[in-house]
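only geometry, no sequence info:
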């Protein structure tokens, strides 16, 4: 318990930044009009390629006996890949709506 309180005490500035960014993100996302939501989300999902690269780097630098880092890195690669693919699928569906239909 003392270790947790010590961690919170030494990292209070970072905790404030995370909490304020959560409030800012919720406020920004809630004010996006519905018509812009799909293009913004598909672009944001494509940016998750950075998560994939970061998790591959973490897995590459992790010790072979550090199973927690390896499992979390693998999970980040899988979920990031799903998010990127989902972003491109949403973008493809959105662009299909604007194509002319054949008769």
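On my side now, so go ahead. Computed from a predicted structure; not experimentally measured.

which stretches of the protein have low pLDDT?
Along the chain, the parts satisfying pLDDT under 70 run over 37-38, 42-43, 46, 103.

switch to 80 and redo it
29, 32-48, 87, 90-91, 94-95, 97-103 (pLDDT under 80).

give me the number of residues near residue 30?
Neighbour count of residue 30, defined by other C-beta atoms under 10 Å: 7. C-beta coordinates here come from the backbone N, C-alpha and C atoms, glycine included.

what about it, distance to residue 41?
14 Å (C-beta to C-beta, to the nearest Å).

cool, and residue 13?
Using C-beta to C-beta, residue 13 is found at 31 Å from residue 41.

between those two, who's got more neighbours?
Ranked by neighbour count (other C-beta under 10 Å), residue 13 and residue 41 place residue 41 first, with 16 against 8.

I'd say that one and residue 90 touch.
Yes: here residue 41 lies in contact with residue 90, judged by C-beta atoms under 8 Å, at a distance of 6.8 Å.

ok now do residue 51, which residues does it touch?
Contacts for residue 51 (C-beta atoms under 8 Å, 6 or more residues apart in numbering) come out as 76, 80, 83.

mind checking which helix or strand it is in?
helix 49-61 (DSSP states H and E).

in that helix, what's buried?
Neighbour counts over helix 49-61 (16 or more other C-beta atoms under 10 Å) mark 51-52, 55, 59 as buried.

which one of those is nearest residue 20?
residue 51 (21.8 Å; C-beta to C-beta).

Next one: the closest one from residue 15, what distance?
Taking C-beta to C-beta, one finds residue 51 at 22 Å from residue 15.

elements contacting the longest helix anywhere in the chain?
Longest helix in the chain, counting residues (DSSP state H): helix 67-96. Packing partners of helix 67-96 (3 or more C-beta pairs under 8 Å, 6 or more residues apart in numbering; DSSP states H and E): helix 34-46, helix 49-61.
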